[in-house]
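Peer 1: generate a structure from the sequence data that follows.
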Amino acid sequence: IESVLNQSCQNFEIIIVDNGSSDKTEEMVTHLAANGSGADMLYIKLLRNCGGDFARNIGALHSRGQLIVFTDDDCIVPADWLFEFGQEFKADPKLDGVGGFKLPRSREERPDIYHRFLMWGHFLQKHVRTKDNASPNRCGFLNANVCYRKEIFEKIGGFNTYFKHIGSREFKARLHKAGAGLLYVPRMVEHRAKFTLASHITKLFPQGWDWHLLHTLHPDIYGSPSLLYF
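Peer 2: Numbering: from 1, shown residues only. Just a heads-up that it's a prediction; the model follows:
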């Protein structure tokens, strides 16, 4: 939240959707507001964890701006993050979405197994500026670093809440079929999450179902998943 508060531009609102957390998120947000952060901040507390995409839909419903920007609670964004998104949309009125990627945490300590063997695999492919609606365009692959026009977000119908982990890809599939203009910019946020091997394997099981559902809904875009996903 502090990285979002320290943006180089000023005309934005922050919507924090607390997805049924059991930590001190509410106390922290109250403290930030009481100490005069100066930001237009809205805090929404869900009674239980309804999934990340459900929380994002709730945040989008309460937004008042023309652009909706998403990040996650385990990411730190650069100071010109919002400004650069705004500049891209000003430069090209036909754009519907602009997205980047995330860098693994690696500067302060030895990376965990997730970042050593899995996250780094994403960087085996080139991350280059891409403006088309073809599958190599990574805009929207990650909800941790993406911005959409609110108009297209509402038109497409928001995120599909049946997905637990890769709903961003299903949303992008619908954008693709609608002919939306998408720009991938290789700008990164810093991913601060830490996973053990056991926790990551546990996360892979519901991802296997998500990939099966993704193929069922969009077989023309996503092929049948390998049994390795299960």
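Peer 1: check which residues of whatever helix or strand residue 87 lives in are buried.
Peer 2: Per DSSP states H and E: residue 87 is located in helix 81-91. Going by neighbour count (16 or more other Cβ atoms under 10 Å), the buried part of helix 81-91 is 81-82, 84-86, 88-89. For glycine as for every other residue, the C-beta is placed from the backbone atoms N, C-alpha and C.
Peer 1: now do stretch 158-176
Peer 2: Using 16+ other Cβ under 10 Å as the burial criterion, the residues of stretch 158-176 that qualify are 158-160, 163-176.
Peer 1: ok, now stretch 140-154?
Peer 2: In terms of neighbour count (16+ other Cβ under 10 Å), stretch 140-154 has its buried residues at 140-149, 152-153.
Peer 1: before we move on, back to that, among the buried residues of helix 81-91, which pair sits farthest apart?
Peer 2: Pairwise distances across these (Cβ to Cβ) peak at 13.6 Å, for the pair 81 and 89.
Peer 1: isn't residue 13 right next to residue 41, touching?
Peer 2: Yes: contact criterion Cβ atoms under 8 Å: residue 13 and residue 41 qualify, at 7.2 Å.
Peer 1: quick one on the thing from earlier: inside helices: which ones of the buried residues of stretch 158-176?
Peer 2: 167-176 (DSSP state H).
Peer 1: and the contacts of the helix ranked longest in the chain?
Peer 2: If you go by DSSP H, the chain has its longest helix at helix 197-217. Outside helix 197-217, the residues that touch it by Cβ atoms under 8 Å, 6 or more residues apart in numbering are 113-114, 118, 160, 162-167, 169-170, 173, 195, 222-225, 229-230.
Peer 1: and for stretch 116-132?
Peer 2: With Cβ under 8 Å, 6+ apart as the test, stretch 116-132 has contacts from 92, 101, 104, 136-139, 181-186, 191, 200.
Peer 1: any figure for the gap between residue 104 and residue 122?
Peer 2: To residue 122, residue 104 is 9 Å away according to Cβ to Cβ, to the nearest Å.
Peer 1: which of those two has more residues huddled nearby?
Peer 2: Neighbour tally, residue 104 and residue 122, criterion other Cβ atoms under 10 Å: the higher count belongs to residue 104, 20 against 14.
Peer 1: nearest spatial neighbour of the more buried one, skipping sequence neighbours?
Peer 2: Closest residue in space to residue 104, ignoring its immediate chain neighbours: residue 115 at 3.7 Å, by Cβ to Cβ, 6 or more residues apart in numbering.
Peer 1: surely that neighbour meets residue 105?
Peer 2: Yes: under the criterion of Cβ under 8 Å, residue 115 makes contact with residue 105 at 6.3 Å.
Peer 1: joint contacts of those two?
Peer 2: Residues touching both residue 115 and residue 105 (Cβ under 8 Å, 6+ apart) are residue 191.
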